[in-house]
Structures are given as C-alpha cells and as structure tokens.
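> Below: sequence and its predicted model.
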Amino acid sequence: MIICLGVVLFLAAAEARAHQDVWLRNEQGGRITASLNRLDPYSPKKTCGACHDYAAITSGYHFQQGFDKMKDGYDPRRPWILSPGMFGNWLPTAAAGRIAAKNNVSRHQIDYSTYDWIGAGHAGENPSQRTPSCGSCHPGGGPMEYGRNARGQADFRKTLSDGERTGAGELDGDYSSRFTPDGKSRFRQSGVVEADCLICHHPDYRKASRDEQLYRRNYRWAATAGSGLGSVRGSIFTGGDAFAQSKREGTDAPGWNLSRRPVVSYAWSNPSLFTAEGRMKGSLIQKQVSSKSCLQCHAAGEAKNTGASFAPANDVHIRAGLTCTDCHPLSGQTKAQKLTHQIAKGKSLTNHVRNDLDGRDMRTCISCHSGKQPRFTRMGKTRQAKNPQSVHAGLFAGATFHTYLISCQSCHIFQQPLRALTLLDMSTGKEYGYTTDDFEGALSLTDYSLPATKPWILWQTRENQYLAAVPKSMQWFGEKMQNGEIRPIPLRYVSQAARRAGNLTTLPVRLPHGSTQKRPTVVSDRDITTMIRILSSAGFSGVTFVSDRTYELKNGKLISSPNLQKEAVYTVEHGVAPLERKLTYGRKGNPDGCMQCHEESSAFFGRQTLKNVREFLKNDYPAPKAPNFVPQYESWGMQSVPSYE
C-alpha cells in the first residue's frame, strides 16, 4: 500500500511539473482548431504570451542582440555601427552583411535592410550550398518583430507590419529591400517573426524547416514549420529572379508571390502532437533547455569560429554528462530576474552585446574546480568536480604564478578537431573562407563543421592573461572617411566591380570534398588599382583596400600605409581534452613539462600566425612560410620564446 501510494504521489508530482496542454492562437488571438482558423499559422506571442510575460522574456539579449540600444549615430566615428550587438554591428567573420541605418542618403549605404536581414540568405555556388539568412540563428522578437523610430531607435509601440503602413521609401533601413519587385519591404504579406519559445523548449524542434520559411519570406509561418505541428504550403518568395525590377506594386513579379497567402495544414490526427479536442500537447514543451536545443544554433558558429566539437570524445565535460545550462544558466537571483532570460555568459574579445553581464552567474573553471565543489547528478551518478590545486602545486613547484598568468583553457584545450575559419577574403565581393587546418576553401557554413585532416594546435592571445584563441585575418574594400575610419563597401558592389575588372589573380583552391575551385582574388598591384578605380567610378569615395596594409590611389599612384584595423580574435572555451589523452601543456611537470612551452619549437609561444595576407595569397598559397607567417610571440613584442628558469 505504501509503495502504491508512493507511485501515485510521484506520478502526481510529475504531472504537476508537466506543461499543460495549450490552445494554439493566431495573431488576432483567435483559437486555432480543426474547424476554426485552421489555415492560419500560430502566433507564439498570443499562444505562449497568454500565460507568460512575453515582454519580459524578450528583453533578453538573445532576442534583442543590441536592438534595445540601437540608434543612428550610435558610434559617431563609425556611423555604420548602430548597436553593440549582432543586429547593428559589423562582424564579417560571423556574417559579412551589415544592417542599414534607419536613415540613408543613397542606396550605396544600404547593405541589408531589416526585411532582407531576416530572410535573405546567400545562394552559394549552387542551391545545395545555400547559406541561411542572418535571422536564422535569432529566435525572433526584438528587431525581427519591431521597427525603429525616426532616430533609428527601437520602437516597441508598433510591429514592422504596422510601421510599414506609414509608407516608407526605398532608403528606409527597415522598409526597403534590394530583392523585392519595387524595392520596398513586404512585412504585411510576410508578417513578422515573433519570439519562438519552442526553439529552446521543444527538444525536437525543426530548425531547418524554420530556416526554409525565412528564406521564402514566410516570416509569420516560420514558428509553425519549426514546431513540426503542421506543414506550410505556398511562399511569398518562390525563388528565381529575386532582383526582378518591376514597379507594378501589388502584382506578382518573377520569383515573388505577393497576392496569395500561404496556408497551414496541421497534423490534427497525430496524438503525439494534439489532444482529441485540438490542444497542443503540453508534453512537447520542456522547461529545462537541452544542449541539443542550444547547439542547433551555436554548434555551427562554434565550429566556424573555434573548431570546437560538442561530441563526448572531444570534450571531457560533455562526456561527463554536463549540459550547456549547467554552465550557462538563467542569470539572476529572483524569479523576476530570471524571467528576463538573460543567459549567463562569459567574455568575448570580438562580440560585445551586454558586456555588463559578462561573468554574472556564469560557472567557470575556477568556480567549479576550487573552493566549494559543486555536485552534478548525471547518467545515474552523482559526481563532484575535482580541485586540482595540489596537483598543480606539485607539478609546478615554485611556478604557481602560471595559474593566474595563463588561463585554464590555454593548457587544457590544446587542439581542435573541426576545420574552422582563419582567413576570410572578401576582396572580390564573395565570402571566400579558408580553413584553419590546411587553408582549404570553404563553400558554405557546414564546411567548417567537417573534421579537419588532422587535429590542429590552437593559437594563444594575451588579454590580461594568456587565452587559447583563433585569429581571423581578412581583406576587403571600404571608403576612408575624413576621420580616418574605413566604412566597408557592401559586397554586392564589390562583386559587380570584380566582374567588370576581369583578369584578376586566381588561386587554385582545394575544397573539402576533393575538388578544386579557381578563386579570383585581389592581391597584385594591378588588381588593387583596377578595383579601386572601378569602385570610385561607381560613386564610392576614398576607396581603400584593407589587407596586410591599407591601399589607396593618390594622384593615380598606389600608396600604402599600416593597417590599423583590429583583427578579430575568438577565444576558445570548449573542447577540454580528457587527461588520459595526454594533450595538456605542462603535464610532465618540471622540467620536461615546462619545456613543452619554453622550447623554441613550442606552439604555445611559437605557433605560426599569418602576418601578411596579401603576400601569402599572391606568392605562397597554400604553404605557410616566412616572412608572411611569423611566430605569434612577435605580435606580443617578444624577440624569442621566454627562457625557462
């Protein structure tokens, strides 16, 4: 009897923890059933927001990405920088496209409008290489739902669909488009992208289906497709000639279907999705966010930026059963604070959204492995993080200063298994990437996630302490402003100039799957001079080529000056190798372990780093060699590897 009562109480508690079944609702708040509004996509805002504080939840930086701090003139010296986050900043190693200011004086200033940023992915060399849009890895809400006011600031009083009704022109950063028939956005047909709770809280979310709807400009339908609750028929954008120039507003043009609304077919008969009366099963919703949900967006980015693999064989913490939220929980002490969905984060040298939250409530190596040792129950076992203080003291007697001079990751993340990006050549208007392991070419984002030919050793950077890192070298065209800053020229104009130039230098580039591609690049004096002249004739002023140095034409002569642009550097936080793999600097103790870093051939100080992009591509590619590659300690002002004492 006691056992039966215990089972009943357990089941009752489990049922209490489960999410209740939910009526789906459309944008007007109307209930969606097999007989009511059955063709409509569901609205996360009206469905989830009926019980949860939608405004508080979407104030989190994952949703805003700088939108809540955005304004025209955010950075007076660099007017193309509009916010501290991914929406409004320029970070070409993540995505070369940048969002346009609200107010523009010419189309030359517009790279991506809000409408295009959400859904316009790159076609790639062929359809199978299509790159998801910028909006793909953003959960909706914020800039995907609301527009900007006349000063370029977030305006949460009206959605993008409502703002479009005021009659914005072709130079409006929200409501223009370089793809639509008349150069104007189509939010009233496409809808907006509300914050999609199920991206994180539905463990079997279908992100690829969501991406496809964004590409089709079916913005209001993306959440429905991603949830798997139904299929979507019809497209606002059907492909084909996206640049068709038709001024017949309200009519369909090649590639566009602006008069027929897509419709949904819900899987009402599927008992794992819907109850008999038509409610969405609450069992689909999980409060605890799984690593699978996080990695559907973050895995590809981490592979590209750092070469990290989130497989148990490559990360001791994942092998131990830890999840993303063990280290990155909701930040805050109260329920109200946690409701804002600020996810605990570390510090990035490159990404700068909500820096005020850096380290807050974040589990770090030190917080787990020293002082109070946390316990985690995983895979049926309760485990406790070990305190390695005595081990380190024994290995490095008299040199314990290393533990504050050098980050834990610098010694314990020795190499990475995936290809990653280390060189980005945008000189011909294409995002031509080269991989970290052997400078092979990449055609799409997924190429960086492929296994490297062999694991490659990480670089180090110095920011108060040594940090494991991956540097990113780039070359691109911009306009030098009177204050000396260089405004990047949108890649489509650079691509047009490259086609006009013809006979640019080409490189035979080996691709990941064994084929070879002839890639044009701008590296010779003739290449640079020709491109600057063509871009200048297209209306750009102060055209400058940024590579190992910056190049300009003065009185018809090519001159150069030092490149003062800050190099992008990604620190590496994931991929701690198990100790038994013997891949840790210093593991042999004193003196052999010390010499792992302090001998001349050591990668810790002497890892070869690219110094001269232009000369490498022109003369040495694909074999790195001096003087275009130098030991990284030279960039720190050292003349040699520090001696071991």
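Now that the structure is in, tell me what you want to look at. Numbering: from 1, shown residues only.
> so where's this structure shaky on pLDDT?
By pLDDT under 70, the low-scoring segments of the chain are 1-17, 122-130, 240-253, 645.
> After whichever strand in the chain runs longest, heading C-terminal, what element do we hit next?
Taking DSSP state E as the criterion, the chain has its longest strand at strand 465-480. As assigned by DSSP states H and E, the chain's next helix or strand after strand 465-480 is strand 486-488.
> Next secondary structure after that next one?
helix 491-501.
> and that next one, what does it pack onto?
Packing contacts for helix 491-501, counted by 3 or more C-beta pairs under 8 Å, 6 or more residues apart in numbering; DSSP states H and E, involve strand 465-480, helix 525-537. Yep, even glycine has a C-beta here, placed from its N, CA and C like the rest.
> Any chance of these in a markdown table with mean neighbour count and distance to Q337 as columns?
Conversion of the helices and strands packed on helix 491-501 to a markdown table gives the following (neighbours: other C-beta atoms under 10 Å; distance: least, C-beta to C-beta, whole Å):
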| stretch | mean neighbour count | distance to Q337 |
| --- | --- | --- |
| strand 465-480 | 22 | 29 |
| helix 525-537 | 19 | 49 |
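> As CSV, the ones you listed with distance to A397 would be great.
Formatted as CSV, these follow (distance: least, C-beta to C-beta, whole Å):
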stretch, distance to A397
strand 465-480, 20
helix 525-537, 55
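> Of all the ones you listed, which one comes closest to A336?
strand 465-480 (34.6 Å; C-beta to C-beta).
> For G66, list the residues it contacts.
82-89, 353 (C-beta atoms under 8 Å, 6 or more residues apart in numbering).
> let's go with 6 Å and repeat that
83-85, 87-88, 353 (C-beta atoms under 6 Å, 6 or more residues apart in numbering).
> swap in Q416?
So, once contact is read as C-beta under 6 Å, 6+ apart, Q416 ends up touching 307, 575.
> before we move on, back to that, who's in contact with the longest strand of the chain?
Applying C-beta under 6 Å, 6+ apart, the contact partners of strand 465-480 are 93, 306, 405-407, 409-410, 413, 423-427, 458-461, 486-489, 494, 540-542, 544-547, 567-572, 610, 613.
> These in helices, which ones?
306, 405, 409-410, 494, 613 (DSSP state H).
> Which among those count as buried?
Among the ones in helices among the contacts of strand 465-480, the ones that count as buried by 16 or more other C-beta atoms under 10 Å are 306, 409-410, 494, 613.
> with those residues in mind, which one is nearest to Y175?
V494 (25.2 Å).
> does that closest one really touch E431, like I thought?
No: using C-beta atoms under 6 Å, V494 is not in contact with E431; the gap is 10.9 Å.
> Now do the strands in the stretch 51-200 of the chain.
Under the criterion DSSP state E, counting those that start in this stretch, the stretch 51-200 of the chain carries strands at the ranges 146-148, 154-159.
> can you list those strands in TSV and add distance to Q337?
Formatted as TSV, the strands of the stretch 51-200 of the chain follow (distance: least, C-beta to C-beta, whole Å):
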stretch	distance to Q337
strand 146-148	23
strand 154-159	20
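> L24 is nearest to which of those strands?
When the strands of the stretch 51-200 of the chain are compared (using C-beta to C-beta), the closest one is strand 154-159, at 19.7 Å.
> buried residues in that closest one?
Those would be 154-156, 159, for strand 154-159 by 16+ other C-beta under 10 Å.
> for stretch 389-403, same thing?
Buried-residue list, stretch 389-403, by 16+ other C-beta under 10 Å: 392, 395-396, 399, 402-403.
> cool, and stretch 314-323?
Of the residues in stretch 314-323, 314-318, 320, 322-323 count as buried by neighbour count, 16+ other C-beta under 10 Å.
> hmm, back to that, got the buried residues of strand 154-159 as CSV, with distance to A208 columns?
CSV is the format used below for these (distance: C-beta to C-beta, whole Å):
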residue, distance to A208
A154, 30
D155, 32
F156, 30
T159, 26
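> Among the residues you listed, which pair sits farthest apart?
Longest span within those, C-beta to C-beta: A154 and T159, 12.0 Å.
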